[in-house]
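In: quick one, what's the 3D model for this:
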Amino acid sequence: MRTSRPLLGITMGDPAGVGPEVVLKALQHADLFERCRPLVIGDRRILERAAGCLKLDAPVFVDVVSPERGQFQPGLVTIIDLANADPADCPIGRVTLAAGRAAVEYVIRACDDALAGSIDAMVTAPINKESINLAGFAYPGHTELLAERTGTDNVSILLVSPKLRVVHVSMHVALEEAVRRVTRARVLEVIELAQRGCRLLGIPRPRIAVAGLNPHASEGGLFGDQEELEIRPAIRDARAKGWDVSDPQPGDTVFMRAVKGEFDIVVAMYHDQGHIPMKLLAFDTGVNVCIGIPIIRTSVDHGTAFDIAGTRTASENSLLAAIDVAITIVHAKSLTHSCDVSP
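Out: Predicted coordinates for the structure are as follows:
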C-alpha cells in the first residue's frame, strides 16, 4: 500500500464522450501530483485527439505495461495504452459499439489491477450505457459491472459532496422494481453501507437519516405501509447494533436537514430520490463511490455529455473531487491496516 502518494488508476471513460478531455484537464493541475500518482488507463490515440480539441501543447506520454513503472510528475501522462479505440471507429459525440467495448475494457483492467494490489484505487470517467449495451455488456453502469467482476452481492452507490452524502437502497431499476426492493433486509444492508462509508470518509460515529419511500414517510400509514412493515424494522435492527439511525423521514425535507448539518448521510430509497438533490446541489463537484466491493472505486457524478464532447467546455472539477475522495479513502484504510473497514 503506497499511502503517502497513492497510485490511482484513472479510466478514460467512453472514447466518444467528455472523459478523455476531463482526464487531460485534471492532469494539468500540477498540485495533483503532490497528492497521488495518476495512471491513465485508456487509448493514447484518443487522448491525443482530446489534446487537440483542448488546444493543449502535445502531451508527453509515458507508456507503461504495469502500474509500478510509471513516471508521475507534472507535464507527463503516464498511461497503460490498451490501443483498443481507433478514433475512426469512435467519432466524438456518437454512440458506437467500438467505444462501448473499449470503455468496459478500461474498467475491467483497472478493477483487476486493484484486486491484484497493483493500484491503490480506481477512479472512473463516465461510460455510456447505450454504447456498452450495444457492445454486448448488459450492465446499467459501473456499479453492476464491478459487483460482478469482484463477486460482490451487497453493493450500493454512495454520493459524496462537500455538504451532502447519500447512499441508495436501489439504483438503476424501474420505479416499480425499486418499490419491491424496499425490504427489511435490504434497508438494513444499506444502513450498514452508510455506516461503513462514513467511517471511510473519516466520520467515526455517523448520524444516519433514513428517507421514507412514500410521501411524508407515509403519514402514519395514510400513504402506504412500507415504512411500517419494512423500513422501521430495519431501523430497529440497526439501532440494536449501536448505530445512530433516524426514524423514516419525509423525503421532501430530509436532504435539506442533512445539508444544514443535522445528519451525516441520508439513506435514499431509490435512484432519483437521492440523485436529484445531489445533482441540484453539486452537479460539477459530486462524487460517486461504489460501496461494498473489496476495492476502492470513485467516479465523477456526471455522464458522457456527448452534446458538449469536443467543445472544450466540460469541467474537470468532478474528476478532481473523485480523485481527492479516493485519496481520502486510501489513507483511511491504511490507518486500519486492512482492506475493509468494519461498520
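
In: how about the strands in the stretch 201-343 of the chain?
Out: All strands of the stretch 201-343 of the chain, identified by DSSP state E, counting those that start in this stretch, fall at 207-211, 244-249, 265-268, 287-291, 297-300.

In: now the ones you listed as JSON lines including mean pLDDT, distance to residue 129 and mean neighbour count?
Out: (C-beta placed from N, C-alpha, C; glycine too.) As requested, the strands of the stretch 201-343 of the chain are exported to JSON lines (pLDDT from 0 to 100; distance: least, C-beta to C-beta, whole Å; neighbours: other C-beta atoms under 10 Å):
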{"stretch": "strand 207-211", "mean pLDDT": "98", "distance to residue 129": "25", "mean neighbour count": "24"}
{"stretch": "strand 244-249", "mean pLDDT": "97", "distance to residue 129": "31", "mean neighbour count": "19"}
{"stretch": "strand 265-268", "mean pLDDT": "98", "distance to residue 129": "20", "mean neighbour count": "28"}
{"stretch": "strand 287-291", "mean pLDDT": "91", "distance to residue 129": "14", "mean neighbour count": "24"}
{"stretch": "strand 297-300", "mean pLDDT": "94", "distance to residue 129": "14", "mean neighbour count": "27"}
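
In: those: which one's closest to residue 78?
Out: strand 297-300 (19.0 Å; C-beta to C-beta).

In: now do the contacts for the closest residue to residue 121 other than its chain neighbours.
Out: Nearest-residue entry for residue 121: residue 296, 3.6 Å, with adjacent residues in sequence omitted and distances by C-beta to C-beta, 6 or more residues apart in numbering. By C-beta atoms under 8 Å, 6 or more residues apart in numbering, the contact list for residue 296 reads 114, 120, 121, 122, 326, 329, 330, 333.

In: most neighbours, which of those?
Out: residue 122 (29 neighbours; other C-beta atoms under 10 Å).

In: grab the nearest non-local neighbour of it.
Out: Per C-beta to C-beta, 6+ apart, closest to residue 122 is residue 110, 4.0 Å.

In: would you confirm that residue 35 contacts residue 327?
Out: Yes: using C-beta atoms under 8 Å, residue 35 is in contact with residue 327, at 5.6 Å.

In: neighbour count for these two, which is higher?
Out: More crowded of residue 35 and residue 327, by other C-beta under 10 Å: residue 327, with 22 against 15.

In: that older thread, out of the strands of the stretch 201-343 of the chain, nearest to residue 100?
Out: strand 297-300 (16.9 Å).

In: quick one: strands adjacent to that closest one?
Out: In the sheet, strand 297-300 lines up against strand 121-124 (parallel), strand 287-291 (antiparallel) (DSSP bridges).

In: residue ranges in this protein under the pLDDT threshold?
Out: Low-confidence segments of the chain (pLDDT under 70): 1-3, 335-343.

In: next, name the residue at the spatial heart of it.
Out: The residue lying closest to the centre of the chain (C-alpha atoms, centre = their mean) is residue 288, at 2.8 Å.

In: what residues are up against the nearest residue in space to residue 37 that is not next to it in sequence?
Out: Leaving aside its chain neighbours, residue 37 sits nearest to residue 72 (3.7 Å; criterion: C-beta to C-beta, 6+ apart). Contact analysis of residue 72 by C-beta under 8 Å, 6+ apart lists 5, 7, 33, 36, 37, 38, 39, 78.

In: and residue 206, what does it touch?
Out: Counting by C-beta under 8 Å, 6+ apart, the residues that residue 206 touches are 194, 195, 198, 199, 243, 244, 264, 265.

In: how near is it to residue 186?
Out: 19 Å (C-beta to C-beta, to the nearest Å).

In: ok so, going back, save the contacts of residue 72 as a markdown table, and put in distance to residue 312 and secondary structure too.
Out: Shown next, in a markdown table, are the contacts of residue 72 (distance: C-beta to C-beta, whole Å; DSSP: H, G, I helix; E, B strand; the rest coil):
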| residue | distance to residue 312 | secondary structure |
| --- | --- | --- |
| 5 | 30 | coil |
| 7 | 29 | strand |
| 33 | 23 | helix |
| 36 | 25 | coil |
| 37 | 27 | strand |
| 38 | 21 | strand |
| 39 | 24 | strand |
| 78 | 23 | strand |
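
In: circling back to that earlier point, three-state assignment of the residue nearest to residue 37?
Out: Three-state assignment for residue 72 (DSSP: H, G, I helix; E, B strand; the rest coil): coil.

In: residue 168 contacts residue 189, doesn't it?
Out: No: the pair residue 168 and residue 189 does not pass the contact test of C-beta under 8 Å, sitting 11.2 Å apart.

In: between the two, what contacts are shared?
Out: residue 156.

In: much appreciated, bye for now.
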